[in-house]
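In: from the sequence below, what's the structure:
(one chain, ligands or ions: 2)
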Amino acid sequence: MVSQAEIELWVKVHEDKGISVETVKNRLKNLVIETPSWGYADCGTRFKVYKQVGVPRNPYEKLEDAAEVHRLTGICPKVAIHIPWDQVDDYLHLKSYANELGLEIGAVNPNLFQDDDFALGSVCHPREEVRKKAISHILECVEIMKLVGSDVLSLWFADGTNYPGQDHIRKRKRYMLEALSQTYEALPENARMLIEYKFFEPAFYHTDLADWGMSYHYCLKLGERAQVLVDLGHHPQGTNIPHIVALLLDEGKLGGFHFNNRKYADDDLMVGTIDPYELFLICNELIDGENDPATAECARNISYMIDQCHSIESKIPAMIKSVVNIQTAFAKALLVQRDALRKAQEEGDVIRAESILKDAFETDVRPLLALVREEMGLPQDPLAAYLQSEYPKKILERGIGGQGW
Ligand code: PSV
Ligand code: MN
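Out: Ligands and ions are numbered 1, 2, ... in the order given. Below you'll find the predicted structure:
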């Protein structure tokens, strides 16, 4: 627990440094993090899916869990859905159930990787009938968007090859453009489509959309409403993600994030657990972008989504922890002394510039977050509040063997 005296001292120290605590609090209150329906379900690695007790048995129960995360954190009013994992007979009913729970449906994600026909790819498959099947699934998802009131279509393709010579790469490139163009044409007015990339897995030799540059290339061809989605787990080791973020932001092409953390591959670990400094540096670029009139519009429209499958963690606590980690990184990024940083940069004062960022990163923002939550009528510690609530006991009634892969 953070005491009232600690909160007051924190506010005074930061106001004295010239930081508008009011502005920082307002930005934190307006932050929206979308949680993924699949993050509440059973999942695992290619070795094993461990089944947990209390896992949602259907998309409606996934929404209930998401509503619980929103109730305790106050910043997660949206839930992304994945089709067919979240297939229901009546999408209008799913939408109204979400609304009753105080939620909205966020991004709709077609699943182009689990049908047996997609073993050699979906929209880039060598056989025309499979490509057509993949496109019609995407178009089905566009129709679902209209029913659930979603304005984001989130596209990730598992397409690629495992062996040199397995397929004709340029031909596949053209198929990709054809599919994306058809999808773009079908998008509801005001909706965006976000194109995710991944450098390997499940394909090991080449991936049809391997990096941000390839996604960006298609987005440029498609038009304004196509933007790049950055999933933090989808880069080779050592990639400078803040740099990618800055470039896409400056080009107005940064559309969304899939937050998670990785150690070796697409590990789907809780965001901010392996490299909190990287997460902070990403948030720093985003906040800097919000403060720049040239990039503010793009920065304000970014969809912040979590994309994590929790295989050994308890699902709801893992989600709450992830949300808190993102909030913490944003809070620290909001404390960067931007004028002083700019001055140090212009003067070429390398040590000072680096120290200014570090100072913000090393600031304990728990009193600030406690204050923000207090003003939002939320528990100071959302995870502790969850663990003490009746909800973890209530979901045990669902038993074992809920929805999963
Ligand atoms: C693929 O690794 C991915 O990041 C895509 O976003 C999928 O839709 C998601 O994970 C769920 O498997
Ligand atoms: Mn993803």
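In: what is the burial count for Leu120?
Out: Counted by other CB atoms under 10 Å, the residues lying close to Leu120 total 17. In this view, the C-beta of every residue, glycine as well, is placed from N, C-alpha and C.
In: the nearest residue to it once chain neighbours are set aside and Thr183, how far apart?
Out: Nearest residue to Leu120, sequence neighbours excluded (CB to CB, 6 or more residues apart in numbering): Pro126, at 6.2 Å. Distance of Pro126 to Thr183, given as CB to CB, to the nearest Å: 20 Å.
In: more neighbours: the two, which one.
Out: Using other CB under 10 Å as the criterion, Pro126 and Thr183 rank with Thr183 on top: 22 against 15.
In: and that one, which helix or strand is it part of?
Out: Per DSSP states H and E, Thr183 falls inside helix 169-186.
In: any idea of the mean pLDDT in that helix?
Out: Across helix 169-186, the average pLDDT comes to 98.
In: for the stretch 101-250 of the chain, what lies in contact range of ligand 2?
Out: For the stretch 101-250 of the chain, the residues in contact with ligand 2 (CB under 5 Å from the ion) are Asp231.
In: looking at the stretch 101-250 of the chain, what residue ends up closest to ligand 2?
Out: Using CB to the ion, the single residue of the stretch 101-250 of the chain nearest to ligand 2 is Asp231, 3.7 Å away.
In: partners of that residue in the sheet?
Out: Asp231 has these beta-bridge partners by DSSP bridges: His258.
In: and Ile302, what pLDDT?
Out: At Ile302, the model reports a pLDDT of 98.
In: the residue of the chain found nearest ligand 1 - how many residues pack around it?
Out: For the chain and ligand 1, the shortest gap (CB to the nearest ligand atom) falls at Trp156, measuring 3.7 Å. Trp156 has 22 neighbours, counted by other CB under 10 Å.
In: my guess is it contacts Pro202, does it?
Out: No. Trp156 lies out of contact with Pro202 (CB atoms under 8 Å); the separation is 11.3 Å.
In: for those two, list the residues in contact with both.
Out: Shared contacts of Trp156 and Pro202, defined by CB atoms under 8 Å, 6 or more residues apart in numbering, comprise Phe113.
In: rewinding a little: do you know how far the residue of the chain closest to ligand 1 is from Trp212?
Out: Going from Trp156 to Trp212 by CB to CB gives 13 Å.
In: try Pro382
Out: 32 Å.
In: of the two, give the one with the bigger neighbour count.
Out: Counted by other CB under 10 Å, Pro382 and Trp212 do not tie: Trp212 has more neighbours, with 27 against 23.
In: check contacts around that one.
Out: Applying CB under 8 Å, 6+ apart to Trp212 gives the contacts Tyr197, Val228, Val230, Ile244, Leu248.
In: and those residues, which two are furthest apart?
Out: The two members of the contacts of Trp212 with the most space between them (CB to CB) are Tyr197 and Leu248, at 11.3 Å.
In: joint contacts of the two?
Out: Trp212, Val228.
In: and Thr35, that's in a helix?
Out: No. Counting by DSSP: H, G, I helix; E, B strand; the rest coil, Thr35 is not found in a helix; it is strand.
In: could you report the pLDDT at it?
Out: 98.
In: go ahead and confirm it touches Ala80.
Out: Yes. Counting by CB under 8 Å, Ala80 is a contact partner of Thr35 at 7.3 Å.
In: quick check: neighbours shared by these two?
Out: In terms of CB under 8 Å, 6+ apart, Thr35 and Ala80 are both contacted by the residues Met305.
In: more neighbours: which of these two?
Out: Applying other CB under 10 Å to Thr35 and Ala80 shows that Thr35 carries more neighbours, namely 31 against 26.
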